[in-house]
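J.: Need coordinates for the below:
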Amino acid sequence: MRTETPWSTLPARDHLLAGVSGAAGAPVLDVVVPVYNEEKDLEPCVLRLHDHLARTFPYAFRITVADNASTDRTPEVAERLARSLPGVRSFRLEEKGRGRALRTVWTHSDAPVLAYMDVDLSTDLNALLPLVAPLISGHSDLAIGSRLARSSRVVRGTKREFISRAYNIILRSSLAARFSDAQCGFKAIRREVAQRLLPMVEDTGWFFDTEMLVLAERAGLRIHEVPVDWVDDPDSTVHIVRTATEDLKGVWRVGRALAVGALPLDRLARPFGDDPRDRAIGGVPGGLARQLVGFCVVGALSTLFYLALYSLFRLGTGPQPANGAALLVSAVANTSANRRLTFGVRGRGSAVRHQAQGLVVFAIGLALTAGSLAALGAASGSPSHTTELAVLIAANLAATVLRFLLFRAWVFPDRDRANPRTANPAPAQANPTHAPADPAHAAHPLTPPAAVPAPSGAETTHDLRNAR
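T.: Numbering: from 1, shown residues only. Down below sits the predicted model:
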């Protein structure tokens, strides 16, 4: 997995004013139409899309035909459209792959809002403005069309309907995805998000969309969903079985990378709330809410683990030894889990020290729970196992508050100063908002050379400047 992203946190989202964009003369919206051997459908698609945007879209726009290694007359059709229609350009790649085409064009684009749609225009174009409006306004980072929303109206066969819904169930169960439709060919993204997100996306084919959305969601970016009207294209050339197989491989690869923390998703963080009123609030420790949630989840699981161990050890020994052994094992696991999940500490550095400090916290918990058991024994003589568990739960709840305070203030102190989300803001030259006006120049520092295969020099220059 690629992890080269040389920036700190993302800047706050700004509302894009009409007629104003990131570079002089650049459009606000760049709509990419990726194609492969579409000589028949390309011209009517672009003519219809151009007419719709010219009539209804209130901002400057561009349509980019991304031809990825077509072997028919598609390049000729794209060139003719670029010469005859204002705001249309063609871009030629010598390798196949929808994901590769989108990443290449989006990386080179100078428009602040980037979108794409399939050449068959299965999605009703009336959803295009609602799709990009939250990105233009600064409300959201990405936007997707959803065929599975309740208010969507979809016409397609039973086979494709079943595959689409089954695929989204797989994503929800395996990658905890919350978006409803990963594969609808109708999406948009803000450019500064794309510049940081795309180098992390490894797939170059049909899984590109899913991988991009999963990583964006895990990073906490806001994804806006738009219900769409969608009519299936009976002449689609997508190979369902091969695509499904590649998608499942992608799910496994991304799930494994997320599980081991191989992706620097913290570099996609936004300022809290993206609202000056939020940033003006004082007295709220950074990350406290997130840490409390993580600590509660880890604590609940640790308590269940502790009780299971206590019940197991209690079968062969007395209550005090069983309590001590169960608390020791669960304390080590609890410290490791909180270190990584709650306080965001990665790597092996200071791990031994953290465990040693965690054992001191464990000793305090042991004193509380052991004292509770001793008091119970003195009060009732021979309490039942259920009573013992109830007392231990109460004692652990009391120790939990103290444990969190000690973890935050002593074991893992001042994490916010070392956290790239809140410290060392990006230098001005690295801020995507101030990217160079020349899209070809801007592309090089954003994506590793191996990540974005580009056309040959003469061809690239011709295609990038072929805008009318």
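J.: contacting residues around the closest residue in space to E225 that isn't next to it in sequence?
T.: Sequence neighbours aside, S146 is the residue nearest to E225 in space, at 4.7 Å (criterion: C-beta to C-beta, 6 or more residues apart in numbering). Bear in mind the C-beta positions are built from the backbone N, C-alpha and C, glycine included. The contact partners of S146, taken as C-beta atoms under 8 Å, 6 or more residues apart in numbering, are S152, F179, S180, D181, C184, E225, V226, P227, V228.
J.: Mind listing the residues bridging to the residue lying closest to the last one once chain neighbours are set aside?
T.: Yep, that's V228 we're talking about. Nearest non-adjacent residue to V228, counting by C-beta to C-beta, 6+ apart: G145, 4.1 Å away. According to DSSP bridges, the partner residues bridging G145 are V226.
J.: from what I can see G145 touches A182, true?
T.: No: between G145 and A182 there is no contact under C-beta atoms under 8 Å: 11.1 Å.
J.: how close does the closest residue in space to W410 that isn't next to it in sequence sit to S109?
T.: Closest residue to W410 apart from its sequence neighbours, by C-beta to C-beta, 6+ apart: Q357 at 6.5 Å. Distance of Q357 to S109, given as C-beta to C-beta, to the nearest Å: 50 Å.
J.: what about the residue nearest to the spatial centre of the chain, which SS state?
T.: In the chain, the residue lying closest to the centroid (C-alpha atoms, centre = their mean) is A216, at 1.5 Å. What DSSP: H, G, I helix; E, B strand; the rest coil gives for A216 is helix.
J.: Mind jotting down where the strands sit in the stretch 51-200 of the chain?
T.: For the stretch 51-200 of the chain, the strands defined by DSSP state E, counting those that start in this stretch cover 61-68, 88-93, 113-117, 142-146, 153-155, 186-190.
J.: out of those, nearest to R256?
T.: Among those, the nearest to R256 by C-beta to C-beta is strand 142-146 (23.2 Å).
J.: List the contacts of L402.
T.: Here L402 is in contact with V361, I364 (C-beta under 8 Å, 6+ apart).
J.: Could you do P27 as well?
T.: Counting by C-beta under 8 Å, 6+ apart, P27 touches S21, Y59, A60, F61, R62, G87, A111.
J.: can I get these in a markdown table with neighbour count, pLDDT and distance to Y36?
T.: Below are the contacts of P27 laid out as a markdown table (neighbours: other C-beta atoms under 10 Å; pLDDT from 0 to 100; distance: C-beta to C-beta, whole Å):
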| residue | neighbour count | pLDDT | distance to Y36 |
| --- | --- | --- | --- |
| S21 | 21 | 48 | 29 |
| Y59 | 20 | 93 | 29 |
| A60 | 17 | 94 | 28 |
| F61 | 22 | 95 | 24 |
| R62 | 21 | 97 | 21 |
| G87 | 18 | 94 | 23 |
| A111 | 25 | 95 | 23 |
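J.: Can you check the distance spanned by stretch 135-143, start to finish?
T.: End-to-end distance of stretch 135-143: 7 Å, with C-alpha to C-alpha, to the nearest Å as the criterion.
J.: Same question for stretch 339-354.
T.: Using C-alpha to C-alpha, the end-to-end distance of stretch 339-354 comes out at 8 Å.
J.: Now stretch 95-113: buried residues?
T.: Across stretch 95-113, burial judged by 16 or more other C-beta atoms under 10 Å covers 97-113.
J.: for the closest residue in space to D232 that isn't next to it in sequence, what are its contacts?
T.: Nearest in space to D232, with sequence neighbours left out and distances taken as C-beta to C-beta, 6+ apart, is R156 at 3.3 Å. R156 is in contact with W230, V231, D232, counting by C-beta under 8 Å, 6+ apart.
J.: How about S122?
T.: Counting by C-beta under 8 Å, 6+ apart, S122 touches G185, W230, V231, D232, D233.
J.: And the furthest pair within the residues you listed?
T.: Maximum pairwise distance in those, criterion C-beta to C-beta, is 12.6 Å, between G185 and V231.
J.: Those two - which one has more neighbours?
T.: More neighbours surround G185 than the other of G185 and V231, with 21 against 14 (other C-beta atoms under 10 Å).
J.: how much space is there between the residue nearest to the centre of the chain and G358?
T.: Distance of A216 to G358, computed by C-beta to C-beta: 34 Å.
J.: Kindly report the same for C296.
T.: C296 sits 17 Å away from G358, going by C-beta to C-beta.
J.: now A378
T.: On the measure of C-beta to C-beta, A378 and G358 end up 30 Å apart.
J.: ok, these two, which is more surrounded?
T.: G358 (22 against 8).
J.: residues touching the more buried one, list them.
T.: For G358, the contacting residues are A331, V332, N334, T335, F407, V411, by C-beta under 8 Å, 6+ apart.
J.: secondary structure class for N37?
T.: coil.
J.: Actually, A12.
T.: A12 - assigned by three-state DSSP - is coil.
J.: Need phi/psi at it.
T.: The phi/psi pair for A12 (degrees, to the nearest 10) reads phi -70, psi 150.
J.: Tell me how many other residues surround it.
T.: 16.
J.: Mind pulling up the pLDDT for it?
T.: pLDDT recorded at A12 is 77.
J.: Check the gap between it and R218 for me.
T.: Separation of A12 from R218 (C-beta to C-beta) stands at 21 Å.
J.: likewise R242?
T.: R242 is 27 Å from R218, by C-beta to C-beta.
J.: before we move on, what about R178?
T.: From R178 across to R218, the span is 10 Å (C-beta to C-beta).
J.: Mind checking which of these two has more residues around it?
T.: R218 (16 against 11).
J.: Make sure that one is actually in contact with L265.
T.: Yes: if you go by C-beta under 8 Å, R218 and L265 touch, sitting 5.6 Å apart.
J.: just for the stretch 1-150 of the chain, where's the confidence low?
T.: Applying pLDDT under 70 to the stretch 1-150 of the chain flags residues 1-9, 18-25.
J.: related to what we said a few turns ago, got JSON lines for the strands of the stretch 51-200 of the chain, with distance to V254 too?
T.: JSON lines is the format used below for the strands of the stretch 51-200 of the chain (distance: least, C-beta to C-beta, whole Å):
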{"stretch": "strand 61-68", "distance to V254": "22"}
{"stretch": "strand 88-93", "distance to V254": "24"}
{"stretch": "strand 113-117", "distance to V254": "20"}
{"stretch": "strand 142-146", "distance to V254": "16"}
{"stretch": "strand 153-155", "distance to V254": "27"}
{"stretch": "strand 186-190", "distance to V254": "17"}
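J.: who wins for proximity to P321 among those strands?
T.: Of these, nearest to P321 by C-beta to C-beta is strand 142-146, at 54.6 Å.
J.: can you state the direction angle for the closest one and strand 113-117?
T.: 20 degrees (axes from the mean of the first three to the mean of the last three C-alpha atoms, to 10 degrees).
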